[in-house]
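1. Quick one, structure for this:
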Amino acid sequence: MIRSMTGFGAADGPVGGSRVSVEIRSVNHRFFNPSLKLPGPFARWETEVREALRRGAGRGHVTLHARIEGAGDERPALMVDEARFAAYVGQLRELQVRYGLGGEIDVATILRLPDVLTTERDDVPGTPAELLTLVERALAQLVDMRATEGARLAAYLEARLVEIDLALDRVEARAPQRLVEHRDRLRASVEELAGGVSLDPQRIAQEIAILADRMDVAEELSRFRSHLVAFREALRADEADGVGKRLGFLLQEMLREANTTGSKAGDTAILRDVLAIKEELERIREQVENLE
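-> Have a look, this model is predicted:
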C-alpha cells in the first residue's frame, strides 16, 4: 500500500532519571531530509536517531523534536565548573610569570573560556537505547498516519484514472470518424480546386493515406493505456518504497502521449478530451508529489 509523506507521531517516557517527550513530523520532499532538535545531553546520540528516522520514514522532510519535560522553554540554570575555572586561572598565572605579563585576571574573561559554564541538565543520565525506544514509538505512529493518508490518496488517484479512461474511450471512438471526415473534406476541396480538370485518383488516394497516417493517434493511445496499467499496478503494489518516484515518471510519459495526441488531433472533440485528460494528470501530479 502506498504511503503519504505527511504524518505526525509522538511518544514520551523515561530516559535515565528524566521524562522525555519526542515529536516527529514529516512533509513531502524529493529525498530523505531530516531535521533534528535534541537537548544538549542527547546531542551525542544524533547519529543513532538520524539512522532510526531513515529506516522508518525513508523519504520526506522529517523533523524530530525531543524535549526534557519540565524544562519548558526556560533556559536551564547555569553552573560554574569550578575545577575547570581554577585550572584556567592557574594556567594564565603561569603564563603571566613566564612571559612577564602584567594586568589582572578578571572573572569575566575566565567565564568566557570553553566549558567553564555548564547547565544543570548537561549530565542527564540515560542510554541511547532509551531515547531510541521513544523515537521508534513516535515513528510507528507517524508511519501509521502516512499509511492512512496514502490509502485516501490512492482512492482519489483511482477516481482520477477512471475519468482518464472515459476520456480515452471517447477519443478512441472519435478518431476513426474524424479521419473519414477529413478524407471527405480533402477530396471535396481538391475537386473544387481542380475545377473539372481530370486528376489522378491514385495520387489523391496516396495523399489522403499520408494525411491519415499523420493524424493517426492509435499508437499514442496504446502507449497511454500501457502507462495507465503500470500506474495502477504501482498504486496497488505491496511495497511502498519508491512508488512516488515511479508514479512521477509514468505521469511524465502519459503527459507526453497526451500532448502528441492533441497536436495530431485536428478535431475539436478530441482536443476537448485531451484537455480534460491533461487536467486530470495535473490533479494526479499534485497528489503524487506527496507520496513516499
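
2. How far away from the center of its chain is stretch 103-114?
-> Relative to its chain's centre, stretch 103-114 lies at 50 Å (CA atoms, centre = their mean, to the nearest Å).

3. what about it, average pLDDT?
-> Averaged across stretch 103-114, pLDDT comes to 86.

4. you'd agree Phe8 is up against Met145?
-> Yes - with contacts counted by CB atoms under 8 Å, Phe8 reaches Met145, the gap being 6.0 Å. For glycine as for every other residue, the C-beta is placed from the backbone atoms N, C-alpha and C.

5. the more surrounded of the two?
-> Shown here are Phe8 and Met145; by other CB atoms under 10 Å, Met145 has more neighbours (17 against 14).

6. What separation is there between the more buried one and Lys37?
-> 20 Å (CB to CB, to the nearest Å).

7. Next, the buried residues of stretch 151-167.
-> Leu153, Ala154, Leu157, Arg160, Leu161, Ile164, Ala167 (16 or more other CB atoms under 10 Å).

8. shaky segments in this structure?
-> 70-77, 119-125, 187, 190-201, 203-205, 207-213, 240-241 (pLDDT under 70).

9. Tell me which stretches of it form helices.
-> For the chain, the helices defined by DSSP state H cover 46-57, 82-99, 107-111, 128-194, 201-215, 218-235, 243-265, 268-288.

10. Ok, which of the ones you listed comes nearest Ile68?
-> helix 128-194 (10.9 Å; CB to CB).

11. which residues touch the residue nearest to Gln141 when sequence neighbours are not counted?
-> In this structure, Gln141 finds its nearest non-sequential neighbour in Gly9, 3.2 Å apart by CB to CB, 6 or more residues apart in numbering. Listed by CB atoms under 8 Å, 6 or more residues apart in numbering, the contact partners of Gly9 are Glu23, Ile24, Arg137, Ala138, Leu139, Ala140, Gln141, Leu142, Val143, Asp144, Met145.

12. now swap in Met254 and tell me
-> Phe224, His227, Leu228, Phe231, Leu281 are the contacts of Met254 under CB under 8 Å, 6+ apart.

13. For the fourth one, which non-adjacent residue is closest in space?
-> When you say that, I think you mean Phe231. Leu250 (4.9 Å).

14. right, and the one you found touches Val229 too?
-> No - under the contact definition of CB under 8 Å, Leu250 does not touch Val229, with a separation of 9.8 Å.

15. Any idea what Glu23 is bridged to?
-> Beta-bridge partners recorded for Glu23 (DSSP bridges): Ala10, His65.

16. Next one: it relative to Val288, how far apart?
-> 27 Å.

17. Tell me which of those two has more neighbours.
-> Val288 (23 against 18).

18. Before I go, just wanted to say thanks for your time.
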